[in-house]
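[1] Okay, here's the prediction I keep looking at, along with the sequence it came from:
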Amino acid sequence: MKIIVLGAGVIGVSTAYYLAKRGHEVAVIDRQSGPGLETSFANGGQISAGFAEPWATPGTPFQALKWLGRSDAPLLFRLRADPALWSWSLRFLANCLPGRSRLNARRMLRVSLYSRQALAELREETAIQYDQISKGILHLYESHQEFERALKRTGLTPGLASGLDAKGCVALEPALAAAEAALAGGIHIAEDESGDAHVFTARLAEICADLGVEFRYGAAIKRIDAEGGEISGVETGKGRWSADAYVLALGSYSPLLAKPLGLRLPIYPAKGYSATITIEAPEKAPSISLTQDQLKLVYSRLGNRLRVAGTAEFTGYDDSINEPRARVIVDAALKLFPGCGDGEKAVLWAGLRPKTPDSAPIIGATKYPNLFLNTGHGTLGWTMACGSSRALADLISGGQPEIDMNGLGLERFL
Ligand SMILES: Cc1cc2nc3c(=O)[nH]c(=O)nc-3n(C[C@H](O)[C@H](O)[C@H](O)COP(=O)(O)OP(=O)(O)OC[C@H]3O[C@@H](n4cnc5c(N)ncnc54)[C@H](O)[C@@H]3O)c2cc1C
């Protein structure tokens with residue numbers, strides 16, 4: 001089958017890889033000059049499968065209220081007259097109910113664990129290198145109450161996590177020595193990983209090209225056309241293209257292109273920041289990936305760089321860098337790992353997470369028999385890329401995905 005994948009982020013390129021492996025003739029369209037140049041460019045680097053938790057939990061509304069008005073808040077809502085934000089927020093609140101939140105966590109876990117396995121197999125198959133480290137992820141807590149709560153939560157993932165006291169955390173990651181006194185404890189998810197999502201996307205695109213996938217860069221998609229109940233083509237700044245089937249993988253921009261087709265995708269951009277610090281004192285920088293759960297910050301060692309990422313701002317499609325907010329994460333990194341590098345020289349970046357109100361991605365069919373969705377991966381698109389793309393490629397090829405796809409499609413929002 002001839003298939004066009006719309007979007008060359010980590011999701012679109014992974015989709016192209018699995019489709020090409022199943023024998024399809026694949027083309028990928030993107031407005032950028034290369035793969036992975038938008039949200040997949042400088043994310044937190046974590047393959048965080050064993051601790052996948054939705055943003056919408058029973059405690060989130062209270063926490064968000066506490067943070068209201070604080071410019072350094074990990075989660076920042078700016079009140080705007082944007083109907084898409086209001087309707088998304090109402091759905092988000094409904095997903096904070098305990099039962100919904102648990103169900104969403106299980107759905108995320110299902111895709112994430114499968115995805116981590118699929119990534120390991122892809123690595124085996126292709127020998128792809130992307131500054132990956134497979135030493136697990138250590139989640140850190142400064143409050144004993146939060147630590148206890150998190151330990152209880154790991155009941156969702158029995159056997160996947162182990163709790164450590166402050167000394168145990170430092171034994172696992174000696175670069176945490178300066179922070180030991182402030183730590184209540186940590187949870188180590190031994191099977192989780194980290195790596196550079198952009199390098200992965202760029203190298204996988206090269207592998208795809210060797211498999212015959214055609215990449216059409218610099219082509220901004222203006223419109224997706226439908227005729228007789230089917231998608232008939234894609235209009236871009238570089239001309240019109242058509243195929244037998246199409247996969248929408250445009251990240252935060254997916255709902256904008258889907259709307260004229262009568263498809264309402266509840267995806268809203270959640271802006272986050274990252275800072276990349278060149279490591280000058282390797283013994284003072286971590287070699288394991290870490291998460292500060294309360295600050296919602298993640299750390300990954302990418303070769304001789306330390307990437308720290310986090311915060312969420314609901315400010316529409318504005319991807320500009322708010323310097324004071326971005327500096328907060330640089331300061332947090334240097335507080336945890338003093339002297340590891342020069343914060344002044346940190347490279348700041350902002351990206352728009354394609355966030356659904358329930359935090360699970362939207363993977364599967366639409367009312368158009370030849371249009372499929374692989375989008376809305378929010379905070380965990382790098383983690384879920386291989387699994388969601390492999391499952392979708394199986395579905396499109398008429399096979400049975402290896403995971404239960406129930407509750408992952410657009411139908412859950414209809
Ligand atoms: C600060 C931050 C930290 C993060 N940390 C992590 C992490 O540690 N682990 C993790 O798993 N995930 C993380 N994420 C989430 C992850 O980065 C995203 O979920 C993932 O990159 C989404 O990939 P995507 O391919 O769907 O979107 P994108 O990478 O944005 O790809 C979409 C593509 O569509 C193209 N496009 C859009 N509109 C058009 C158009 N009209 N015409 C043509 N092309 C178009 C864009 O150019 C882009 O290349 C983080 C995100 C942020 C912002």
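    Cool, the structure landed.
[2] where does the stretch 201-350 of the chain have low pLDDT?
    Low-confidence regions of the stretch 201-350 of the chain, defined by pLDDT under 70, are absent; no residue qualifies.
[3] Check the stretch 1-150 of the chain too.
    Residues of the stretch 1-150 of the chain meeting the criterion pLDDT under 70: 69, 71, 77, 79.
[4] what residues does it put near the ligand?
    Counting by Cβ under 6 Å from any ligand atom, the stretch 1-150 of the chain comes close to the ligand at 7-12, 29-32, 37-40, 43-46, 48. Where you see a C-beta, it was placed from the backbone N, CA and C, and this is true even at glycine.
[5] Please repeat the previous calculation with a cut-off of 5 Å.
    Proximity of the stretch 1-150 of the chain to the ligand, by Cβ under 5 Å from any ligand atom, involves residues 7-11, 30-32, 38-40, 43-44, 46.
[6] any idea what sits nearest the residue of the stretch 51-200 of the chain found nearest the ligand, other than its immediate chain neighbours?
    Nearest residue of the stretch 51-200 of the chain to the ligand, counting by Cβ to the nearest ligand atom: Ala197, 6.0 Å away. Spatial nearest neighbour of Ala197, chain neighbours left out: Trp382 (4.2 Å); criterion: Cβ to Cβ, 6 or more residues apart in numbering.
[7] And that neighbour, how far from Gly45?
    7 Å (Cβ to Cβ, to the nearest Å).
[8] OK, contacts around the residue of the stretch 51-200 of the chain closest to the ligand?
    Val10, Gly36, Ser40, Phe41, Asn43, Gly45, Tyr130, Gly381, Trp382, Ala385 (Cβ atoms under 8 Å, 6 or more residues apart in numbering).
[9] for the residues you listed, which one is nearest the ligand?
    Gly381 (2.0 Å).
[10] distance between the strand or helix carrying that closest one and the chain's centre?
    Element membership for Gly381 (DSSP states H and E) is helix 381-396. Here the centre of helix 381-396 is set off from its chain's centre by 13 Å, with Cα atoms, centre = their mean, to the nearest Å.
[11] now for the contacts of Ala197, which pair is the farthest apart?
    Within the contacts of Ala197, Tyr130 and Gly381 form the most distant pair, 14.9 Å apart (Cβ to Cβ).
[12] The closest residue in space to Gln292 that isn't next to it in sequence pairs with what?
    Nearest residue to Gln292 in three dimensions, chain neighbours excluded: Leu140, at 5.2 Å (Cβ to Cβ, 6+ apart). Note on Leu140: beta-bridge partners by DSSP bridges are Gly186, Gln292.
[13] Give me the buried positions along the longest helix anywhere in the chain.
    In the chain, with assignment by DSSP state H, the single longest helix is helix 98-126. Within helix 98-126, the residues that qualify as buried are 100-101, 103-105, 107-120, 122-123, counting by 16 or more other Cβ atoms under 10 Å.
[14] Which strands or helices does it pack on?
    strand 46-47, helix 197-210, helix 381-396 (3 or more Cβ pairs under 8 Å, 6 or more residues apart in numbering; DSSP states H and E).
[15] among those, which is nearest Glu146?
    Closest approach to Glu146 among the helices and strands packed on helix 98-126 is made by strand 46-47 (19.1 Å; Cβ to Cβ).
[16] Now do the host helix or strand of Lys335: distance to the chain's middle.
    Per DSSP H and E, Lys335 falls inside helix 323-336. Remark: helix 323-336 is offset 21 Å from the chain centroid, using Cα atoms, centre = their mean.
[17] What is it packed up against?
    In terms of contacts (3+ Cβ pairs under 8 Å, 6+ apart), helix 323-336 is packed against strand 268-278, strand 289-292, strand 297-302, strand 305-314, strand 347-355.
[18] would JSON lines of those strands with distance to the ligand and mean neighbour count be doable?
    Output for the helices and strands packed on helix 323-336, formatted as JSON lines (distance: least, Cβ to the nearest ligand atom, whole Å; neighbours: other Cβ atoms under 10 Å):
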{"stretch": "strand 268-278", "distance to the ligand": "3", "mean neighbour count": "23"}
{"stretch": "strand 289-292", "distance to the ligand": "8", "mean neighbour count": "26"}
{"stretch": "strand 297-302", "distance to the ligand": "5", "mean neighbour count": "26"}
{"stretch": "strand 305-314", "distance to the ligand": "4", "mean neighbour count": "23"}
{"stretch": "strand 347-355", "distance to the ligand": "3", "mean neighbour count": "20"}
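[19] Pro361: which of those strands is closest?
    strand 347-355 (8.4 Å).
[20] Please identify the pairing partners of the closest one and their relative orientation?
    strand 268-278 (antiparallel).
[21] What count of nearby residues applies to the residue nearest to Ala197?
    Using other Cβ atoms under 10 Å, Trp382 has 30 other residues around it.
[22] contacting residues for it?
    Taking Cβ under 8 Å, 6+ apart, one finds Val10, Ser40, Asn43, Gly44, Gly45, Gln46, Ile47, Ala197, Phe200 in contact with Trp382.
[23] does Gly36 really touch Ile11, like I thought?
    No. Contact criterion Cβ atoms under 8 Å: Gly36 and Ile11 do not qualify, at 9.9 Å.
[24] more neighbours, these two?
    Legend: neighbour count by other Cβ under 10 Å for Gly36 and Ile11, higher for Ile11 (35 against 28).
[25] Is it correct that the more buried one falls within a strand?
    No. Counting by DSSP: H, G, I helix; E, B strand; the rest coil, Ile11 is not part of a strand but helix.
[26] Phi, psi for the nearest residue to Gly218 once chain neighbours are set aside please.
    Nearest non-adjacent residue to Gly218, counting by Cβ to Cβ, 6+ apart: Ser33, 5.9 Å away. Main-chain dihedrals, Ser33, degrees, to the nearest 10: phi -90, psi 0.
[27] More neighbours: which of Tyr130 and Gly381?
    Neighbours were counted for Tyr130 and for Gly381 using other Cβ under 10 Å; Gly381 has more, 25 against 19.
[28] Right, I'll leave it there.
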